[in-house]
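Undergrad: take this sequence and fold it.
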Amino acid sequence: MEASAQSAWIVGLGHARTAAARDDVNTTELAWEAVSAALEDAGVELGEIEGSVSASQDFWEGRTISSMAINEIAGGTLGSEAKVAADGVMALIYAIARIEDGDQHLNLVVAHAKESQANPHDIEMAGFDPYFERALDPDETVAAGLQASLFYARSGLGPEDAAQVVAAARRRSTALPDVTPDVVLSSPPTAEPLRELDRAPRMDAATALVVCDTATAERLGGPRVRLVGGAARSGGWWTGRDLTRAPELAGAAQEALARAGWDAASLDRIELNAPYAHQQLMLAEELGLGAADAFEDGLTRSGGWLGGSAGTVAGLAAAAHAADALCSAGGRALVHGTTGICGQSHAVVLLEGSS
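TA: Numbers count the residues shown, from 1 in each chain. A predicted model of the protein is given here:
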């Protein structure tokens, strides 16, 4: 697929300082750290932004219409503003559509999460069926424990493989200390067979990207990475599907690659994101990769969600890391984000850089 006047490009990126608790800032200030860095990187002012697409979750932010916390610093005041309650990859796909249909020329995409300010168990339980499931006092780790047991039984993999995934993600992380597989395996048990370090820790994070059309990218004259396209698929409710597989990821990846005219073998970088290590193994399998690929250099080089990103932010942060690498090295990348209990929904975006 050749670039056109309506092709979408990443021309600026920025991250907030990520930590387990950013008590020094509120949500608006956290997001502004990422937004201001992305604007500076692109060489544009906030007033030039024609519209914004954000990703956030009302329950984690403690308010309805959680994007209201960042409208004034994301170009949404008296402008075009949209929000997705999903991983930031979905917000990026939304922005690509805006650029490619010629509706807008310069957009800001931002994902933000402040997971330190809420009770994780209560927030996650709100996502379960209120009539039959909440009375059991579940959360996502309870469901993930059942999923891990089923997946290990089917695949022949086990906690030792998942521990290697965690250790690899931590080695690539800039926000979390390294751990060995033995440390993961000896961390406190949560929901059998999971242990505490099998799950990504809750973090406060934000990432922003400036995206634009071809003419604007040429005018700005900065390093460019093309957003070739994306696709998304959603599966059934967690109690009504095979928890050991994620065909929605395979379907989304195949659709995006087919639209781009790419072959999977042409990808130089794959960024998979999941909050649990066993899910990372399962997602690698869906893309035809072996278990070892889930912790080798070719997969999730940024560390991803397990490396210290946050829910909602993980996919967009991985896209920013991939774009940064592609600016200098060139090549092609597939970036993934997931949302929902046991990985219900999946979205992928394709990026291409020229060295």
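Undergrad: quick one: low-confidence residue ranges for the stretch 201-350 of the chain.
TA: Within the stretch 201-350 of the chain, the ranges that satisfy pLDDT under 70 run 223, 294-300.
Undergrad: what about the helices in it?
TA: 214-220, 247-260, 277-286, 314-329 (DSSP state H, counting those that start in this stretch).
Undergrad: which strands or helices does the second one pack on?
TA: For helix 247-260, the helices and strands in contact under the criterion 3 or more C-beta pairs under 8 Å, 6 or more residues apart in numbering; DSSP states H and E are strand 225-234, helix 277-286, strand 331-339, strand 345-353. For every residue, glycine as well, the C-beta is placed using N, CA and C.
Undergrad: list the contacts of it.
TA: Here helix 247-260 makes contact (C-beta atoms under 8 Å, 6 or more residues apart in numbering) with 1, 228-235, 263-264, 283, 286-287, 334, 336, 338, 343-350.
Undergrad: emit the ChimeraX select command for whichever of those residues are buried.
TA: In ChimeraX, this line selects whichever of the contacts of helix 247-260 come out buried by 16 or more other C-beta atoms under 10 Å:
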select :228,229,230,231,232,233,235,283,286,287,334,336,338,343,344,345,346,347,348,349,350
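Undergrad: about what we covered before: among the helices of the stretch 201-350 of the chain, which comes closest to residue 13?
TA: Counting by C-beta to C-beta, residue 13 lies closest to helix 314-329 out of the helices of the stretch 201-350 of the chain; the figure is 4.3 Å.
Undergrad: follow-up on the earlier one: redo the helices and strands packed on helix 247-260 as JSON lines? Include distance to residue 145.
TA: As requested, these are arranged in JSON lines below (distance: least, C-beta to C-beta, whole Å):
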{"stretch": "strand 225-234", "distance to residue 145": "23"}
{"stretch": "helix 277-286", "distance to residue 145": "9"}
{"stretch": "strand 331-339", "distance to residue 145": "18"}
{"stretch": "strand 345-353", "distance to residue 145": "20"}
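Undergrad: tell me, how many residues neighbour residue 25?
TA: Close neighbours of residue 25, defined as other C-beta atoms under 10 Å, add up to 16.
Undergrad: quick one, what contacts residue 236?
TA: Taking C-beta under 8 Å, 6+ apart, one finds residue 344 in contact with residue 236.
Undergrad: ok, and the closest non-adjacent residue to residue 322?
TA: residue 333 (4.3 Å; C-beta to C-beta, 6 or more residues apart in numbering).
Undergrad: out of the helices and strands packed on helix 247-260, flag the one nearest residue 175.
TA: helix 277-286 (16.9 Å).
Undergrad: show me how far the closest one is from its chain's centre.
TA: Offset of helix 277-286 from its chain centre (C-alpha atoms, centre = their mean, to the nearest Å): 15 Å.
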